[in-house]
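for reference, the sequence and a predicted model appear below.
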Amino acid sequence: MEFPNGKYAWMVKVGEKGQFVIPKEAREMFDLQPGNEILVLGDVKKGIAIMPKKMQQEYIAKIFSELESEE
């Protein structure tokens, strides 16, 4: 499957403890290092989004403003 330029998708397996490994390509792309914090957002209708902590403020504001306009 092809994705638009700058868009990516990876498949990962969730282990028995609910853990999964972020693919190496994604860790390198987003400069994720051991010990970094990531933000996990959930929406029962839209699913789960994961992002590096350094990107969270910008995207949370955007996500919540879009959700409010949908209501």
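Here it is on my side, so go on.

so what's Ala61 up against?
Applying Cβ atoms under 8 Å, 6 or more residues apart in numbering to Ala61 gives no contacts. For every residue, glycine as well, the C-beta is placed using N, CA and C.

in a helix, it, correct?
Yes: under DSSP: H, G, I helix; E, B strand; the rest coil, Ala61 sits within a helix.

sec struct for the residue minimising distance to the centre of the chain, please.
Compute the mean C-alpha point of the chain, and by Cα atoms, centre = their mean the closest residue is Ile50, 2.2 Å away. Secondary structure state of Ile50, per three-state DSSP, is strand.

also Phe64?
helix.

count the neighbours of it for me.
11 (other Cβ atoms under 10 Å).

how about Ile22?
The burial count for Ile22: 13, using other Cβ under 10 Å.

which of the helices or strands spans it?
Secondary structure assignment for Ile22, by DSSP states H and E: no helix or strand.

that one against Val12, yeah?
Yes: using Cβ atoms under 8 Å, Ile22 makes contact with Val12 at a distance of 7.4 Å.

would you check how far apart the residue nearest to the centre of the chain and Glu68 are?
22 Å (Cβ to Cβ, to the nearest Å).

which residues in the protein form strands?
Per DSSP state E, the chain carries strands over the ranges 38-43, 47-52.

the last one - contacts with which helices or strands?
Looking back up the chat, that one is strand 47-52. strand 38-43, helix 56-70 (3 or more Cβ pairs under 8 Å, 6 or more residues apart in numbering; DSSP states H and E).

Phe3 is nearest to which of the ones you listed?
helix 56-70 (18.7 Å; Cβ to Cβ).

lowest average pLDDT across the helices and strands packed on strand 47-52?
For these, the bottom mean pLDDT is recorded on helix 56-70, which sits at a mean of 76.

with just CA atoms, put that one into CSV.
C-alpha atoms of helix 56-70 as CSV (Å, rounded to 0.1, in the frame of the first residue of the first chain):
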residue,chain,number,x,y,z
GLN,A,56,2.2,17.1,22.0
GLN,A,57,1.1,20.6,22.7
GLU,A,58,0.7,21.6,19.1
TYR,A,59,-1.2,18.4,18.1
ILE,A,60,-3.4,18.2,21.2
ALA,A,61,-4.7,21.8,20.5
LYS,A,62,-5.4,20.9,16.9
ILE,A,63,-7.1,17.6,17.7
PHE,A,64,-9.4,19.0,20.3
SER,A,65,-10.3,22.0,18.2
GLU,A,66,-11.3,19.7,15.4
LEU,A,67,-13.3,17.5,17.7
GLU,A,68,-15.2,20.5,19.0
SER,A,69,-16.1,21.6,15.4
GLU,A,70,-17.5,18.1,14.7
